[in-house]
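[1] Okay, predicted coordinates and the sequence, questions at the end:
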Amino acid sequence: MKKRNLVAVAAAMIWSAATSASAEVVDVTWTGTILWGIDETGVFGPAATDLTGNALIARFAFDTSLGTTYTDSIQSVAYANGVTSPLLSASATINGISIAINPGGFAQILGYNDSAGDFSEYYNYSGYSYYYYDQETFEGLQLLQQLSGVAYGPANHYPASITSPVTITPGDTTQLYLYYDVSITDSEGNTKYESLAYALADASRVTVTLAVPEPATTALFGIGVAGIGFLRRRQSPIRVESTAA
C-alpha cells in the first residue's frame with residue numbers, strides 16, 4: 001500500500017474513533033425537590049423515612065444513535081426497540097446516596113417543539129422490570145425500577161433536538177419520578193420488600209451536555225496524529241545536495 005493511502009486510512013480510522021466515542025452521547029442531569037416520597041426500607045438512609053423536601057438528582061446517559069430513532073421538523077426521539085437501547089446508564093441520588101437503574105429495560109429520550117400547536121416537551125425515561133417464579137418452591141423475586149424526568153410548556157420553551165441545551169422555564173409543568181422495588185414472595189404468598197423507595201419531585205433544573213471523548217480515545221487521537229506526521233515525513237523526498245570539488 002502506498003504511503004499516501006496509509007495516511008488516508010489512518011486519518012479516517014482516527015476520525016471515526018474520536019467522533020463515535022463522543023458525538024452521539026449526551027449526559028442529562030435533572031435536579032428537583034421531592035414533593036412526596038417514602039424510603040420504606042432504608043435505600044437512601046434510615047428506613048421508614050419521609051423524603052419530602054429532600055433533593056432528588058436523576059442522571060441519564062444516552063447514545064442517541066442507538067435504538068429506534070426518528071427526527072422531523074418538530075421532534076426527535078430515540079427509544080429502546082428490544083434489540084438495542086439508547087440508554088447507557090441511569091441513577092438516582094438522595095441524601096448523597098446513589099442507586100443505579102438497570103439500563104436493560106425500556107428507555108426513551110424525546111425533544112418536541114410544535115409552534116402550531118403551541119406545545120413543547122423534553123422527556124427522559126428509564127424503566128426496568130424482572131420477575132422470577134420458582135415452580136418447585138413457589139417463591140418469587142421481583143425487581144421494578146423506574147426513573148423519569150419531564151418538562152413541558154408552550155412552544156419554544158423546549159427544543160425539538162435531543163442534543164440541545166434545555167432550560168426549565170418558571171411556571172412550566174415539571175416532574176421527576178422514582179420507583180425502586182426489590183421484593184421476595186415466599187411459598188405462602190407473603191411479600192417481603194428488600195428495597196422499596198419512591199418519590200415524586202418538582203424539577204427545577206436540567207442540564208444536557210455532549211459527552212467528551214474518553215481519555216483512551218483522546219490518547220489514540222494524539223498518537224494517530226503523530227503517526228500521520230511521521231508517515232508524511234517518511235514520504236517526503238530526501239534532498240541530497242552536492243558540492244563541486
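    Here it is on my side, so go on.
[2] Flag every buried residue along stretch 24-33.
    Using 16 or more other CB atoms under 10 Å as the burial criterion, the residues of stretch 24-33 that qualify are 24, 25, 26, 27, 28, 29, 30, 31, 32. C-betas here are computed from N, CA, C, even on glycine.
[3] Surely the first one is in contact with residue 63?
    What it means is residue 24. Yes. Under the criterion of CB atoms under 8 Å, residue 24 makes contact with residue 63 at 5.4 Å.
[4] where do the contact lists of these two overlap?
    Counting by CB atoms under 8 Å, 6 or more residues apart in numbering, residue 24 and residue 63 have no contacts in common.
[5] Number of residues surrounding the closest residue to residue 165 other than its chain neighbours?
    The shortest distance from residue 165 to any non-neighbouring residue, by CB to CB, 6 or more residues apart in numbering, is to residue 208 (5.6 Å). The local packing of residue 208 (other CB atoms under 10 Å) involves 23 other residues.
[6] cool, residue 165 as well?
    As a burial measure, residue 165 scores 11 neighbours (other CB under 10 Å).
[7] And for residue 35?
    By other CB under 10 Å, neighbour count at residue 35 equals 15.
[8] Which strand or helix spans it?
    strand 25-39 (DSSP states H and E).
[9] pLDDT of the host helix or strand of residue 112, averaged?
    Residue 112 belongs to strand 106-114 when assigned by DSSP H and E. The pLDDT scores in strand 106-114 average 97.
[10] and if you look at stretch 195-207?
    Across stretch 195-207, pLDDT averages out at 95.
[11] contacting residues around the residue nearest to the spatial centre of the chain?
    Centroid-nearest residue in the chain: residue 61, 1.5 Å away (criterion: CA atoms, centre = their mean). Contact analysis of residue 61 by CB under 8 Å, 6+ apart lists 25, 26, 27, 28, 87, 88, 89, 90, 211.
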